[in-house]
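Participant: Here is my input; please provide its structure:
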Amino acid sequence: MNSIDNYIGFSGLALQVRSDRMQVLSENIANADTPNYKARDLDFSKALDLASQGASTDGAIAYRVPVQPSLDGNTVEMATEQTAFAENALAYRSSLSFLQGRIGTLTRALKGE
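Facilitator: Residues are numbered from 1 along each chain as shown. Model (predicted):
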């Protein structure tokens, strides 16, 4: 099983980190109207490095510095969050497609096609 992990390992890690970032961005969007909520983001490169070492990606989460903070202390800027969410969703889909291709290749090799 270790050979399979090595074959798809990086793609699987990238997919998990993209999923973790999607969660953080979703929380920001969900709390757009919550007073004093501080928007956060996950640094993909740092999170991928942590994940490859078997560590939690929580160490790659940092607070976002707002361009224009609101009067209630909330730092969520919807345009920024929506853009980051859309970019991450596209990257997630790309990672998923790449992983599906790798699994398809492995499946065909096992079948002898």
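
Participant: mind checking pLDDT for residue 96?
Facilitator: Here, the pLDDT recorded for residue 96 equals 90.

Participant: Now do the same contact list for the residue nearest to it when sequence neighbours are not counted.
Facilitator: Beyond its immediate neighbours in the sequence, the residue positioned closest to residue 96 (C-beta to C-beta, 6 or more residues apart in numbering) is residue 15, lying 6.1 Å away. C-betas here are computed from N, CA, C, even on glycine. Contacts for residue 15 (C-beta atoms under 8 Å, 6 or more residues apart in numbering) come out as 92, 95, 96, 99.

Participant: Report pLDDT for residue 15.
Facilitator: 90.

Participant: That one should be in a strand, yeah?
Facilitator: No - per DSSP: H, G, I helix; E, B strand; the rest coil, residue 15 lies outside any strand segment and is helix.

Participant: name the element the residue nearest to the spatial centre of the chain belongs to?
Facilitator: For the chain, the residue nearest the mean C-alpha position is residue 18 (2.1 Å; C-alpha atoms, centre = their mean). Element membership for residue 18, per DSSP states H and E: helix 2-30.
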